[in-house]
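Peer 1: Fold the stuff below for me.
(one chain, ligands or ions: 1)
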Amino acid sequence: MPNVSPVKWHLAHTTWFFETFLLRPRMGGYRVYDASFEYLFNSYYNGISEQFPRHQRSLLSRPSLAEIYQYRAHVDDSVKHLLGEADNQIATILRLGLNHEQQHQELMLMDLKYNFSCNPLYPAFCDTPSIDSKTIAAVRGSVEVPSGIYEIGASPENTRFCFDNETPQHKIFLEGFKLDQYLVTNAEYLTFLEDGGYEPADLWLSDGWSWVQQQPAEKRAPLYWQQLDGRWFEFSLYGLNPLNLSQPLCHINYYEADAYARWSGCRLPTEQEWEVATALCAPAAPTIPSWGLHPSVSSGEDIVVNVAADQATDPAPVLHQLLNHLWQWTSSAYAAYPGFNPLSGVLGEYNGKFMVNQMVLRGGCCITPEGHTRSTYRNFYYPQERWQFSGIRLARNLT
Ligand SMILES: [Fe+2]
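Peer 2: Model prediction:
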């Protein structure tokens, strides 16, 4: 799959990032480890150099893993020396490099999962944890947010770290809306699928319908689902296991999320709605992370399965499974905020140049490194992509 890189490449690339943007411009007398690595491990920075084709990264059997570790040690040693003379600019780039590496830590697991899923032995990356299997979730309760003028976006002065694409803070007007308290579950999506959700063209966006028609029948389901002898299974980093109906649905693309929302009489939230609702609910709903290699049903939260909203025993207007469960598709195209200024120089290529043809996802997921996300964080993927840990939270209009 063209998007997937070997773990070794991720390690070399994140090392190259520190070398290129921190050590070479900021450390007098720095010795470049190997000039040929620039072509191999530059991801997409045209202002630096041309790049080895992404879809061929898996062919790079050399340099060896041992040599990549030596490269890493060389760069780590140099960064440690540089820390002794760190000024604000060095600290800013170092912080960006660390957050960049965290993004690649998540990519490593996404890519490993995809590659493992291609192996008919369905290897488990690690053993299944003993999951608390108490009955969980699917109250379709929602939180109501009134019409009004709100402020969204991050202010670099007021946060430990943010990417340039989260800035500047700005005011927006929102019509009142409702946002579901919980993510869509496997059980709910299975109902959509068994209802022939992949069949009627009128449920699908035009590009989405084209995508559906390109999929063989057995692929018209979430990426890691498969049916064996009439039973549904799901592949995860814990291997191939029977589909857990009460777990949050994951690995669907934007087209599938949009079609499901339409089928259910709802819609996807805009990223502005998601952020405003999150900010309003945050004091009442502290984040309960679900660190693990698959979105967990429980993650410390008591929820009730398949109980009608009017029978729900959870009256509190809080949003559950908000951060660090699954990236949640929004209906917002990834674009610049009013007054957006990309980082200066080549680092301006980090985010800004991708602001076309992609959709925003919010929330972080269970394999996102701890502390990496925040309510203003904007992730983005192309609408057909689904190897990221993506899920659905539904929204609807008040009227
Ligand atoms: Fe990168």
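Peer 1: what comes up buried for the helix or strand residue 192 falls within?
Peer 2: Element membership of residue 192, judged by DSSP states H and E, is helix 186-194. By neighbour count on 16 or more other CB atoms under 10 Å, the buried set for helix 186-194 is 186, 187, 188, 189, 190, 192, 193. (C-beta placed from N, C-alpha, C; glycine too.)
Peer 1: same deal with stretch 329-349?
Peer 2: 329, 330, 331, 332, 334, 337, 340, 342, 343, 347, 349.
Peer 1: where along the chain do the strands fall?
Peer 2: 142-145, 148-152, 170-174, 177-180, 225-228, 231-236, 239-242, 327-333, 359-362, 379-381, 390-391, 395-397 (DSSP state E).
Peer 1: Give me whichever of those strands is most buried.
Peer 2: Sort the strands of the chain by mean neighbour count, taking mean count of other CB atoms under 10 Å, and strand 390-391 sits at the top with a mean of 26.
Peer 1: a markdown table for the buried residues of helix 186-194, including distance to residue 127 and pLDDT?
Peer 2: Below are those laid out as a markdown table (distance: CB to CB, whole Å; pLDDT from 0 to 100):
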| residue | distance to residue 127 | pLDDT |
| --- | --- | --- |
| 186 | 21 | 96 |
| 187 | 25 | 96 |
| 188 | 28 | 97 |
| 189 | 26 | 98 |
| 190 | 26 | 98 |
| 192 | 32 | 98 |
| 193 | 29 | 98 |
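Peer 1: that older thread, quick one: which of the buried residues of stretch 329-349 is nearest to residue 143?
Peer 2: residue 330 (15.8 Å; CB to CB).
Peer 1: State the pLDDT value of the nearest residue to the closest one once chain neighbours are set aside.
Peer 2: Distances taken as CB to CB, 6 or more residues apart in numbering put residue 271 closest to residue 330, at 4.2 Å, once the chain neighbours are dropped. With respect to pLDDT, residue 271 scores 98.
Peer 1: Was I right to think residue 68 contacts residue 6?
Peer 2: No. Using CB atoms under 8 Å, residue 68 is not in contact with residue 6; the gap is 10.3 Å.
Peer 1: Compare the two (neighbour count), which wins?
Peer 2: residue 68 (21 against 18; other CB atoms under 10 Å).
Peer 1: which residues touch that one?
Peer 2: 8, 11, 12, 15 (CB atoms under 8 Å, 6 or more residues apart in numbering).
Peer 1: Now with 10 Å, please.
Peer 2: 7, 8, 9, 10, 11, 12, 13, 15, 37, 41, 60 (CB atoms under 10 Å, 6 or more residues apart in numbering).
Peer 1: and of those residues, the nearest to residue 264?
Peer 2: Closest to residue 264, out of all of the contacts of residue 68 and judged by CB to CB, is residue 10, at 36.8 Å.
Peer 1: List the contacts of that closest one.
Peer 2: 41, 43, 57, 68, 101, 103-108, 111-112.
Peer 1: now, which of those residues sits nearest residue 296?
Peer 2: residue 106 (16.7 Å).
Peer 1: where's that closest one relative to residue 77, distance?
Peer 2: Here residue 106 is placed at a distance of 26 Å from residue 77 (CB to CB, to the nearest Å).
Peer 1: which regions of the stretch 51-200 of the chain lie under the pLDDT threshold?
Peer 2: The stretch 51-200 of the chain contains residues with pLDDT under 70 at 130-139.
Peer 1: Next one, pLDDT for residue 27 please.
Peer 2: For residue 27, pLDDT reads 95.
Peer 1: er, residue 296 I mean
Peer 2: In this model, residue 296 carries a pLDDT of 76.
Peer 1: how much space between it and residue 238?
Peer 2: 11 Å.
Peer 1: and these two? which has more neighbours close in?
Peer 2: For the pair residue 296 and residue 238, the greater number of neighbours falls to residue 296 (22 against 17), based on other CB under 10 Å.
Peer 1: My read is that residue 39 contacts residue 51, right?
Peer 2: Yes. Assessed by CB atoms under 10 Å, residue 39 is found in contact with residue 51 at 6.8 Å.
Peer 1: okay, the two: which has more neighbours?
Peer 2: residue 51 (16 against 12).
Peer 1: Just give the closest residue to that one, not the sequence neighbours.
Peer 2: Residue 51 sits nearest to residue 42 (CB to CB, 6+ apart), 4.8 Å away.
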